[in-house]
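next come a sequence and a model predicted from it.
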Number of protein chains: 2
Amino acid sequence: MGVSGPIEKLMKLFAKFPGVGDKTARRFALFLLQQPKCFTEDLTSTISLMRDLTFSCSICGNLTTENPCPICSDPFRDRKTLCVIENVEDMLSLEQACIFSGLYFILGGKVSPLDGEDIDPERFSRLRKYSEEGEFQELIIATNPSIEGDLTFYAVLDALKPVGTRITRLAFGLPLGGSIGYADRVTLHASLESRVEVRIPEKK
Amino acid sequence: MGVSGPIEKLMKLFAKFPGVGDKTARRFALFLLQQPKCFTEDLTSTISLMRDLTFSCSICGNLTTENPCPICSDPFRDRKTLCVIENVEDMLSLEQACIFSGLYFILGGKVSPLDGEDIDPERFSRLRKYSEEGEFQELIIATNPSIEGDLTFYAVLDALKPVGTRITRLAFGLPLGGSIGYADRVTLHASLESRVEVRIPEKK
């Protein structure tokens, strides 16, 4: 409406992106028209290249252009800790926070009966094999703080129990920088349930 | 970090899009990896096509693949009203609202001394020529409700005054669906200043 052919088509394609509505899609299309041509050329070739070269790491399931992926092949990572995580996006969040130096195993899905989603059983047998063959001393199950995350947690726990390695889980509670006044009921409940002992320093 | 080459590069490119931060850029890249290949092929070819085929309409300045653009060449549009507007995005907003059936003239910029932005004087001479040669009975100056919009308004007004045609401006006031309690001071002031007479229906 108002503009012709390819612009309108591009708006429709952008509107399919996650979290992008009609107005943002329009903004993106007009933004691309204002950029130097080298920018759009770079963009289209990078998209094609990414699609052609990217595949899943045969060890952890991370998206990569080399096998094993840069994380699995990094000699400086802590090979004693494995973090089991739902998807690549969650893994990247942890990576960008620079707070974890162990290895990952990506489930590639979650248990969500309402959406008809489930985790490929093959991933579970791979996970068990990996955790048995590796020299892990701790397996961290990093599922999301949600009902689906809980279901996923118990499914992973079932698969990992026989391995006999120590299993941990991410802590749930008040988000840092948040406030008790604005926290929702479930978060408040979780932070109360998981309250931690305060150690009083001894007098000298 | 964590993913290799082209994915990371694409994230950086997406992060240059307006309103897109690092996390959204990451989501976009991973979204594209999950789509069928035909989607990304369609996307890249549409971007290239749009860049190659799109230019500015010689009459109004709209982005188009044919000259004059679909709006200027539409025989059903009201040729007696011209709407002068800052940019294509604003024009598309009006078009998508389906509330205006006249013609447009796109300034292609705004007067913004603080950002060092100004409108090409050539656009003003074109606008004056267009409004003199057309059979317009009303010229609507549709600039944004901001300081830059005001400056732009007066610049356009200066250019259009000699034409002698009736000039109007969009109304400013409380946005529909908003509330007085949450309105900002400037908006409240505008809506008070521009208050309209209430006509009391006569008793029969």
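Right, received. Where do you want to start? Here the structure is a predicted model, which is why all the values come from computation and not from measurement. Residues are numbered from 1 along each chain as shown, chains lettered A, B, ... in the order given.

regarding chain A, what is its longest helix?
When chain A is parsed with DSSP state H, its longest helix is helix A:37-53.

who touches that one?
Helix A:37-53 has contacts (CB atoms under 8 Å, 6 or more residues apart in numbering or on different chains) with A:32, A:65, B:5-7, B:9-10, B:13, B:16, B:29, B:32-33, B:37, B:40-41, B:43-45, B:47-48, B:51. For the C-beta atoms, the positions are set from N, CA and C on the backbone; glycine is no exception.

can you select the buried ones among the residues you listed for me in ChimeraX?
Buried residues among these (16 or more other CB atoms under 10 Å in any protein chain shown), as a ChimeraX selection:
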select /A:32,65 /B:5,6,7,9,10,13,29,32,33,40,43,44,47,48,51
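
now the strands: where do they sit in chain A?
Applying DSSP state E to chain A gives strands spanning A:55-56, A:63-64, A:81-85, A:103-106, A:138-142, A:166-169.

once you drop chain neighbours, what's closest to the most centrally placed residue in chain A?
Closest residue to the average C-alpha location of chain A: A:Asp90 at 1.5 Å, with CA atoms, centre = their mean. Of all residues not flanking A:Asp90 in the chain, A:Ala142 sits nearest, at 7.0 Å (CB to CB, 6 or more residues apart in numbering or on different chains).

relative to chain B, how far out is that neighbour?
Applying CB to the nearest CB, to the nearest Å, the value for A:Ala142 to chain B is 14 Å.

A:Arg195 now?
Counting by CB to the nearest CB, the gap from A:Arg195 to chain B is 31 Å.

likewise A:Ser191?
Distance, A:Ser191 to chain B, using CB to the nearest CB: 25 Å.

pretty sure that residue sits against A:Ala171.
No. Look at A:Ser191 against A:Ala171 with CB atoms under 8 Å: they stay out of range, at 9.2 Å.

so those two - more neighbours on which side?
Applying other CB atoms under 10 Å in any protein chain shown to A:Ser191 and A:Ala171 shows that A:Ser191 carries more neighbours, namely 18 against 10.

find the nearest non-adjacent residue to the more buried one, please.
A:Gly173 (3.7 Å).

tell me who's in contact with that neighbour.
Residues in contact with A:Gly173, defined by CB under 8 Å, 6+ apart, are A:Thr187, A:Ala190, A:Ser191, A:Ser194.

ok, the residues you listed vs chain B, which is closest?
When these are compared for distance to chain B (CB to the nearest CB), A:Thr187 wins out at 20.8 Å.

next up, the contacts around the closest one.
So, once contact is read as CB under 8 Å, 6+ apart, A:Thr187 ends up touching A:Pro145, A:Phe172, A:Gly173, A:Leu174, A:Pro175.

cool, and A:Gly109?
Taking CB under 8 Å, 6+ apart, we find A:Gly109 in contact with A:Glu86, A:Asn87, A:Glu117, A:Asp118, A:Ile119, A:Asp120, A:Arg123.

Throw together a ChimeraX command that grabs the buried residues out of those residues.
To isolate the buried members of those in ChimeraX, using 16+ other CB under 10 Å:
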select /A:86,87,119,123
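
tell me the two of the contacts of A:Gly109 that are most distant?
Maximum pairwise distance among the contacts of A:Gly109 (CB to CB): 14.0 Å, between A:Asn87 and A:Asp118.

is it true that A:Ile119 touches A:Phe105?
No. Counting by CB under 8 Å, A:Ile119 stays clear of A:Phe105, with 11.6 Å between them.

show the pLDDT at the residue nearest to A:Ser191.
We have a pLDDT of 85 for A:Gly173.

quick one, phi/psi of it?
The phi/psi pair for A:Gly173 (degrees, to the nearest 10) reads phi 170, psi -160.

next: the one 5 residues further on.
In terms of degrees, to the nearest 10, the main-chain angles of A:Gly178 are phi -80, psi -170.

give me the number of residues near it?
Residues near A:Gly178, counting by other CB under 10 Å, number 12.

ok, the residue nearest to A:Ser191 to B:Ser101 distance?
57 Å (CB to CB, to the nearest Å).

with pLDDT and distance to A:Glu95 added, can I get the contacts of A:Gly109 in JSON lines?
JSON lines is the format used below for these (pLDDT from 0 to 100; distance: CB to CB, whole Å):
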{"residue": "A:Glu86", "pLDDT": "93", "distance to A:Glu95": "14"}
{"residue": "A:Asn87", "pLDDT": "91", "distance to A:Glu95": "13"}
{"residue": "A:Glu117", "pLDDT": "89", "distance to A:Glu95": "24"}
{"residue": "A:Asp118", "pLDDT": "92", "distance to A:Glu95": "26"}
{"residue": "A:Ile119", "pLDDT": "92", "distance to A:Glu95": "22"}
{"residue": "A:Asp120", "pLDDT": "91", "distance to A:Glu95": "23"}
{"residue": "A:Arg123", "pLDDT": "94", "distance to A:Glu95": "20"}
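
now, which of the contacts of A:Gly109 lie within helices?
Going by DSSP H, the helices hold A:Arg123 from those.

can you redo the contacts of A:Gly109 as CSV with distance to chain B?
Shown next, in CSV, are the contacts of A:Gly109 (distance: CB to the nearest CB, whole Å):
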residue, distance to chain B
A:Glu86, 12
A:Asn87, 8
A:Glu117, 13
A:Asp118, 17
A:Ile119, 16
A:Asp120, 15
A:Arg123, 16
